[in-house]
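K.L.:
Give the three-dimensional model of this entry:
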Amino acid sequence: MEKRAFKRLPVNVPARLFYGNMVYTGIVVNLSENGMFVCTRMNYPVGVLIMMAIKSGDDTLKLPIKIRRTVKPEKDLLCLENSGMGVEVLNPSREYKDFVSQTRASL
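P.N.:
As a prediction, this is how the structure comes out:
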C-alpha cells in the first residue's frame, strides 16, 4: 500500500541546504508536490526546519523544508538513492508546483 499522497518523480537536481550559518550541498533524486529525497552526506536531525535552494531553469527556488527522515550514507559512497534524507516542502510555492509539473511533463 502506497503511503505517499503524491507519486515521486525521478530527478537529478543539485541543491544547497542552509543550516545555521553553514551551507551544504546535496542532490535531489526524486520529488513530488510536497516532498523530496535529497542525497547528502550531512545528517540533519529529524524535525528540523531549514531552507533549501534548487535551480529551475534560470531561476533559483528557495524552499522551506522539514526533515522527515534520514538515512546515513554507507562509508565513502557519494550518493545513493537510499542515503540522505526525506523532506517535506512546507507551503509549496506556485513556482515549486510549476517546477514539479514541468518535471512530470518531461518524463
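K.L.:
pull the CA atoms of the strand ranked longest in the chain into PDB?
P.N.:
Ordering each strand of the chain by length in residues (DSSP state E) puts strand 59-71 first. C-alpha atoms of strand 59-71 as PDB (Å, rounded to 0.1, in the frame of the first residue of the first chain):
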ATOM      1  CA  ASP A  59      15.700  30.800 -11.600                       C
ATOM      2  CA  THR A  60      16.600  29.600  -8.100                       C
ATOM      3  CA  LEU A  61      13.700  28.300  -5.900                       C
ATOM      4  CA  LYS A  62      14.100  28.800  -2.200                       C
ATOM      5  CA  LEU A  63      12.100  26.200  -0.300                       C
ATOM      6  CA  PRO A  64      11.400  25.900   3.400                       C
ATOM      7  CA  ILE A  65      11.700  22.200   4.300                       C
ATOM      8  CA  LYS A  66      11.200  20.000   7.300                       C
ATOM      9  CA  ILE A  67      13.400  16.900   7.700                       C
ATOM     10  CA  ARG A  68      11.100  13.900   8.000                       C
ATOM     11  CA  ARG A  69      13.600  11.000   7.900                       C
ATOM     12  CA  THR A  70      17.300  10.400   7.500                       C
ATOM     13  CA  VAL A  71      19.300   7.500   6.100                       C
END
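K.L.:
Any buried residues in it, and which?
P.N.:
By neighbour count with 16 or more other C-beta atoms under 10 Å, strand 59-71 contains the buried residues 61, 63, 65, 67, 70. No exception for glycine: its C-beta is placed from N, CA and C like everyone else's.
K.L.:
Tell me who's in contact with the closest residue to the second one other than its chain neighbours.
P.N.:
Nearest residue to residue 63 in three dimensions, chain neighbours excluded: residue 52, at 4.9 Å (C-beta to C-beta, 6 or more residues apart in numbering). With contact taken as C-beta atoms under 8 Å, 6 or more residues apart in numbering, residue 52 is in contact with 15, 16, 17, 18, 38, 62, 63, 64, 65, 87.
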